[in-house]
Structure formats: C-alpha cells, structure tokens
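# Fold the following, please.
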Amino acid sequence: MTDDFEYGDGFERPLIPDDFGGTPEDLVFDETGTLGPHVLTPVTEVIKRPEFEIGWNWPCGLGVLEGSWNLEITSRFQARLGSLRGPMRIEAADGVLRVSGDAYYSTPGFVLERIDAPSPPTAAASFIPHWKRNWYPHYPFNEYVWYFRSTGASYVNGQLYFPFTRHLWNKTTQDFVSMDTGWMSFSCTSQISRASWLLQPTVKMDGQAMIGGQRHIITATKTSPYYRGLVVEVDVMTNRTWPNTAGGHTFTGTFRGDGIDVRMYINETNVPEDNTLTDSECHALMTAHRSISSIGHTWRLWTLVGSRRSGSNTFGLMFDVSAPEREGCVSYSDATFDNSTLLEPAVRGDRLGDVPLGHLRTLIHEVGHCLNLYHPKADDHNPPIGETIMNQTGDVISFASPGNLYPSNAEFRFNEHNRTSLIHSPDPQIAPGWKPFGWGHASPNLGVPAPTDATGLRETERLGEVLEVKLDIADTAAVGEFLTATVAVTNHGSETVTVNRTLNLAEGNLEVTVHTPEGEDIVIRDVVHLCGPERTAELGPGESIQSVFQLFYTSAGFTFSRVGSYELRAVFSPRRGSPLRLTSNPEQVTIHTATSEDESNLADLTMDHDVGLSFAFGDFGGNTEAAEKLKRLSANFTQTDTGTAAALVLVNSYSRPFRDLGEGQVVRKSSTRDAEAAIDQAMTGTNADRVAEICTAVVAASDTEAPVLGLLRQELGSDKKTRGGKSALQRADDILADYVGDD
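The predicted model follows:
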C-alpha cells in the first residue's frame, strides 16, 4: 500500500502562513462571505471584554484563519457533563470570510482522538499514517448533534466575530428538525501553541459564544490549512493503470486545489482480470477486499480501476448503495470514446484508459459523487453547466471548440457551488458512509445558490413548449408489491428535436420527485449513478420515446415502505449542456396494508434489503438467502408483477457466473436448467408485452448485455403460446429490441 503524496508537490499549504503576524484590520463580510461595505454589529460586551484584548501579541493575519479547526465548547454556568466538540471550517481567502461547523457530543470519559496513526491493516504491514502533519476532527456519526453556518462575519484587530444559524439534529429521524441563531467570537494572536498531542506547532483561539440562549466558553485549535480530509483506497485491475499524473494535473492536487485534503493509497494493482463487470460484482469486491476498514472514524472511500461495465459504454459509476452508502465507485478503463470532431484526433475511438487526462477526470468526478455532489444540470440550485469536474463527460465535450478540443478543454476544478458544498455543507451530507446520495441538495444549508445561465433560461422557455413528459404508474398497491413506472417524452412541435434517449434513473437525465404520506419531499434515482457518453434520439413531430423502470427499490431504499398516498412527478433533462428540465404531470399512488394472507406473505419476502437490491441490480449476486426468497416469490406469486420480476431476476442471475473479483474465482456458476425453469415461471399467465416491460425494468440500467434480454426474446420467438396474442408478442419484441439497440 503506497501513498501518492509527497510534501513539496506544489499543493501542500503551511499550517501557519507567512503572514502570521498581521496588521490591524477592520473587515466586514456578508452572509455569502463577500468582503464589502457591509454593516455587522457585534455584541458590544464581547468585543470590549478584557480577556479579548490582544495585549503584547500581534493579531493574526486574516489568512491564518483559513482551514480546519477543532472546536471545543464548554458551558460557563453548568458542570461539564460531557464533551461537545467538532470540526469548524473557516474560509478566509480571496476576499472571502465565512465559517461553518458541526458539533458532536460524547458522554463523560471521552478522550480526544488523534487521527493520524491507526493500527495497520493485516494486508499492509507498511501502512503510512493518513495525515503526516495535518489532521481532521472526525467523530462518531452517532454523536452528531448540530450544524452551524455564519450569516456574516467581521475580523477587527485579531477579533473574529460571526453570527450564525444553527440546525439541530434529531438522532431518531436522522435529519435536521429545528433551527435557532447565536454568535461566536474568537481572539487570534501571534502566539504559537504547542502540545504533546499536536502533530506540529499550531494556532489556538479562545473566545465565547451564545448558543441556545446560553453563554459558552469556546476554544479552537487549527488542525490543517485545508477544510476537510478523507482517505481514498485504490484497487487496480490487472493490465489497467491508475493515471497518477495527466496534463500537469493529479488526483490529490485537484482536490487540494479546492481545499479538500485527499490521502490516496494504491492497495492492489493486480485485481484478477475480468473483461465485463456487473454492478453487484463491484459491490461484492468492495465489501470483501478493501483494506482500509479499521481506521477509526476517519472518512474513507474505495475506488476501482476496472475494465468495462456489462452492456453499456459507461465511463464511471458510483455503485455503493448498502448502508453505509457512498463509499465505493469505479472507473471503466475499457469504455471507448466515439469519433466526434469535438474530440482530439488521438482520442477518437480510443479506450478511456488510454486517455490519461480523460481517465483522471472520470476518477475525480466519481469520487465527487461519493462526496454527494450532483451533475450541475441535475442540481436544484442551477449552477452553470460547463467544463468543471462534476459536469458529465458528454456535457464537457459539448463545450469543446475546434481550437480547444476534449479533453484539453476540461477544467480540473469544482465549480463554485460544488466547492462551497464540499467546504461548508453539513458532515452528514458530505461524509462518505452517512446520508444517501442526493440528501440535502434541496436544503437551505447549501447557502445562496449560483445564478442560472441566461442562455439556458431562454432555451428552457422554447423547448418547454414543444416537449411533454408523461409519467404513468398503478393507482394502488399493497406494501411489498413490485411497482414499475412508465415515462414517455413526446414532441408536440413542428420540427425534429434531439433529446437524450436514456430514460432511466441512473444516468442523470431522469429522476422522480415523491411527496410522501408524511409530507416529506424526496428525489429518487437508481441505486447506482452512471456517467458515460450521451446517447440521443431524433424525435420528429408527434413522435415519442418511452421506457419502463422499477420503483420498488431505489436510492431511497424501499420507495413505498409506508402506508398512505404518494404523489410522484418525473423530471427529465432532454439534452446535455442545457439546464432545461421538464416536469411531468403528477401521479397519485395509494399504498395499503396487506388485506389477505397472500399479500402478507408477499411482503414478508420482498421487504428485505437483499431482495430489494436484487430487484435493483437484476442479479442476486452471491446472496443465497435472497435467491431462496426470489424462488418462493416466482413459484407462489405467478400471474403477478412481483412473481414475474422475481423469476426474471433468477433468469438473469442463473444465466451467467458471478465472480469474486478479488480472488478471481467463480462463486456462483451459471445454470441453464435453473434459468429455463425460471423463464417458464415468468411467462406463466402473463402477457408477453408485460413480461418484456418488467424485464427491461429489472435489469441493471443500460445493461444491454443482460442475458435475460436475449433469452426472453428467444422464448418469445419460439411462439409456444400466444401469451396475449400476436400483437402482444410483436410489442414485446419491439420493447426488447429497443432496449438493446437492435434496429
């Protein structure tokens, strides 16, 4: 296991900058952190108290505040019953001053954890400490109590003052439930702080705060010139390469350039070769073979440099959906670029792995997803679409020009909205392994959104008049029933329109908003997040494209886990490089409790995480318990969508082997007999076209090589039974042919 980072690589910042002893300053910043002629009236009592006078020490320069601090809070009026502490991030550069932080509470007896040298994993005797000099306050998730963010700030003669909004956390609901306000004030002097537990000499600020209506004593110790840090473990498949440096850019340098300290460890470079990877195989490899697993509470994630994804030309994928989520992603070295004239000639038709600059960008992009960053075009805050890291490759290519072709036009930085999120969003939103992907993106915690591009607004108005998105779903179902939805996009204009043809929940073009019975608004997507080249369709006047996808198990887990009425809308982005988003008509779904023994037995089998994941992946992987439940569903619930879906997952699973990628061994052999038995059950009593719709809904998104697709077409072609008549057979074949791209 090796570390790619050496000090002096051009991206390391000193903990204490050269301007440590600053000159007296009188600076005021607004709620966005912008310096200007703003008015901010501090609490007079705080500023004039003797303990905050600078004395003989020079005040710190503003740049000293920049970075990560460990904040400790003590009540002035009560005995200390426990430890209230957490990370505080101060952005104090380029004319900006804004502060955010998170608080964690532990019961008495807590000892401050110095996260610099964990016990070495058994797989690596020469394990290098994560943070050589700097460190980051990472505390147990279950101790989290609140988040705060400044609503203005002033820095006057070494005195930092800021009012803040505090968001209180409910440990039961795992969400923010209420809000209040307060203030903090610190004194920063040029005196160096040294302690045995510190990794290097640092700065310490003392002060006081008003929190929850009570006065508190506060102390902040600077831990790093960066804002946040995480550890990334890398495994590389045989005959593939990690692009350490490309075009003057590096993986760690790109993140550090925007203030995020990434420590990268290349753990394995000889993962046994497999020319085709399924999503479930990637997930199994991560859970079984990552080495960085016992590193305390340090934020960590895992990435694989792999071959290619089954059935699609996907460049990258965030696949980790089992709690803890957002800890795993993969780049596909064998995915290929097309022959677009917007690509540099040497790139056209080449493998991603042979284009180091494009490959490096993909890896950084996927890790960005693990840190809960969106594609700009899918973000409710409407950041501009362009060439920065979190734009999809197709979007970046669309911005290329004859004089600046891809990948040279790609910018190795995060846009301002993404950068602000990485620095100032609450820990639960950013930390890998905490809240699911997408959580928090409609929250005020993100601050003031970036403005929408004016050109995009004009295009939205034009295309919004000609394209219609329609969502269709069953009106009612029992808890545990397998549900699908159909989405259709129709051109009502008089001219042909080019649109994205990928109508699935995995590739960023389509999502579904859900208003739950409890009044909560959530956005659901697939359990994986794909990033690849754009695929388009030409819609003539009056023409439509449509697809069917499953809603049973999604990014929200079991989408319909509670009884009551749900309202759903589909939101579609018809083209890359455009902020246009079209919303469908609302559809109501009523979920009721089991009203019969059969419905109760069905729910007992389906409301299982591994079964739900099997429906989402179209494969039960190596989970034999999930396989047994799917068999019972397919045998006992024929002539239902749930039984049919279970049978089709079995067909897909038994038609190909399942590999332990880490060991290079087959842990589930293919079985023609089991696959044939399952496909017969899938066809029992169900019209052919409906079986085809369910088939395309259960296979992994864009997996055109899923074996069940070909087997079902073969079964339908044998015409053993009418299964709804010839029209149903023809429509079924059209559905499957369209999915695999067989024109």
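# Assign a three-state SS to Leu630, would you?
What DSSP: H, G, I helix; E, B strand; the rest coil gives for Leu630 is helix.
# mind listing what it touches?
611, 614, 620, 646-647, 649-650 (C-beta atoms under 8 Å, 6 or more residues apart in numbering). No exception for glycine: its C-beta is placed from N, CA and C like everyone else's.
# redo that, cut-off 7 Å
611, 614, 620, 646, 649-650 (C-beta atoms under 7 Å, 6 or more residues apart in numbering).
# likewise Pro14?
Pro225 are the contacts of Pro14 under C-beta under 7 Å, 6+ apart.
# ok, now Glu327?
Contacts for Glu327 (C-beta under 7 Å, 6+ apart) come out as 301-302, 320, 370, 432-433.
# Those in strands, which ones?
Mapping the contacts of Glu327 onto strands (DSSP state E) picks out 301-302.
# Lowest-confidence one in the contacts of Glu327?
Ranked by pLDDT, the contacts of Glu327 bottom out at Asp320 (74).
# Would you mind confirming that that residue is in contact with Thr303?
No: taking contacts as C-beta atoms under 7 Å, Asp320 lies outside contact range of Thr303: 10.2 Å.
# The stretch 501-650 of the chain: helices as residue ranges?
597-606, 609-617, 624-636, 641-654 (DSSP state H, counting those that start in this stretch).
# among those, which is the most enclosed?
helix 641-654 (a mean of 28; mean count of other C-beta atoms under 10 Å).
# shouldn't Ala675 be in contact with Tyr654?
Yes: Ala675 is within contact range of Tyr654, at 4.1 Å (criterion: C-beta under 7 Å).
# would you turn the helices of the stretch 501-650 of the chain into TSV with distance to Arg149 and mean pLDDT?
Below are those laid out as TSV (distance: least, C-beta to C-beta, whole Å; pLDDT from 0 to 100):
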stretch	distance to Arg149	mean pLDDT
helix 597-606	41	95
helix 609-617	34	93
helix 624-636	42	96
helix 641-654	44	96
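# Would you mind giving the ones you listed as TSV with distance to Asn585 added?
Output for these, formatted as TSV (distance: least, C-beta to C-beta, whole Å):
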stretch	distance to Asn585
helix 597-606	28
helix 609-617	26
helix 624-636	32
helix 641-654	22
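# So for Gln214, which of these sits nearest?
Of all these, helix 609-617 sits nearest to Gln214, with 42.3 Å by C-beta to C-beta.
# check contacts around the closest residue to Pro432 other than its chain neighbours.
Once flanking residues are discounted, Pro432 sits nearest to Leu301: 4.3 Å by C-beta to C-beta, 6 or more residues apart in numbering. The neighbourhood of Leu301, defined by C-beta under 7 Å, 6+ apart, consists of 230, 232, 327-328, 367, 370, 432.
# quick one on the thing from earlier: quick check: the two most widely separated of the contacts of Glu327?
Trp302 and Gly433, at 10.6 Å, using C-beta to C-beta across these.
# Mind checking which of the two has more residues around it?
Trp302 (26 against 17; other C-beta atoms under 10 Å).
# how close does that one get to Pro574?
Taking C-beta to C-beta, to the nearest Å as the measure, Trp302 falls 34 Å from Pro574.
# swap in Gly86?
43 Å.
# same thing with Trp169?
38 Å.
# When the two are compared, which one has more neighbours?
Pro574 (24 against 20).
# list the contacts for that one?
463, 467, 499-500, 580, 582.
# State the helix or strand in which the residue nearest to it when sequence neighbours are not counted lies.
Leaving aside its sequence neighbours, Pro574 sits nearest to Val499 (C-beta to C-beta, 6+ apart; 4.2 Å). Element membership for Val499 (DSSP states H and E) is strand 497-500.
# which stretches of the stretch 301-450 of the chain form strands?
Assigned by DSSP state E, counting those that start in this stretch, the strands in the stretch 301-450 of the chain fall at 316-318, 328-332.
# Which one of the ones you listed lies nearest to Leu199?
In terms of C-beta to C-beta, the element of the strands of the stretch 301-450 of the chain nearest to Leu199 is strand 328-332, at 29.3 Å.
# about what we covered before: ok, the residue nearest to Pro432 to Val232 distance?
As defined by C-beta to C-beta, Leu301 lies at a distance of 6 Å from Val232.
# what's the pLDDT at Ser443?
Ser443 is assigned a pLDDT of 41 by the prediction.
# any idea how the protein splits into domains?
15-224, 228-446, 454-592, 597-740 (automatic domain parsing).
# Which of the helices of the stretch 501-650 of the chain sits closest to Glu663?
Using C-beta to C-beta as the measure, helix 624-636 is the one of the helices of the stretch 501-650 of the chain that comes nearest Glu663, at 17.7 Å.
# just the angle between that closest one and helix 609-617, please?
Calculated by axes from the mean of the first three to the mean of the last three C-alpha atoms, to 10 degrees, helix 624-636 forms an angle of 70 degrees with helix 609-617.
# got the angle for helix 624-636 vs helix 641-654?
Per the same axes, to 10 degrees, the angle that helix 624-636 makes with helix 641-654 is 130 degrees.
# Of all the helices and strands in the chain, which has the lowest average confidence?
helix 454-463 (a mean of 36; mean pLDDT, DSSP states H and E).
# next one: the helix or strand that comes right after it to chain centre, how far?
Following helix 454-463 in sequence order, the next helix or strand is strand 467-473 (DSSP H and E). When distances are taken as C-alpha atoms, centre = their mean, to the nearest Å, strand 467-473 is centred 26 Å away from the chain's centroid.
# which residues are in contact with stretch 532-543?
Applying C-beta under 7 Å, 6+ apart, the external contacts of stretch 532-543 come out as 312-315, 335, 338, 393-394, 491, 493-502, 545, 576.
# Which entries within those residues meet the buried criterion?
Buried subset of the contacts of stretch 532-543 (neighbour count, 16 or more other C-beta atoms under 10 Å): 312-315, 335, 393-394, 491, 493, 497, 499-502, 545, 576.
# farthest-separated two in these?
Within those, Ala335 and Gly493 form the most distant pair, 33.8 Å apart (C-beta to C-beta).
# Return the set of buried residues in stretch 141-159.
Neighbour counts using 16+ other C-beta under 10 Å place 141, 143-144, 146-156, 158-159 of stretch 141-159 among the buried residues.
# cool, and stretch 353-369?
Here stretch 353-369 shows 353, 355-369 as buried, counting by 16+ other C-beta under 10 Å.
# Could you do stretch 415-433 as well?
Judged by neighbour count using 16+ other C-beta under 10 Å, the buried positions of stretch 415-433 are 415, 417-433.
# Repeat that for stretch 703-714.
Within stretch 703-714, the residues that count as buried by 16+ other C-beta under 10 Å are 703, 705-709, 711-713.
# Could you do stretch 232-252 as well?
Counting neighbours by 16+ other C-beta under 10 Å, stretch 232-252 gives 232-237, 240, 242-243, 246, 249-252 as buried.
# end to end, how far does it reach?
This stretch, stretch 232-252, spans 10 Å end to end (C-alpha to C-alpha, to the nearest Å).
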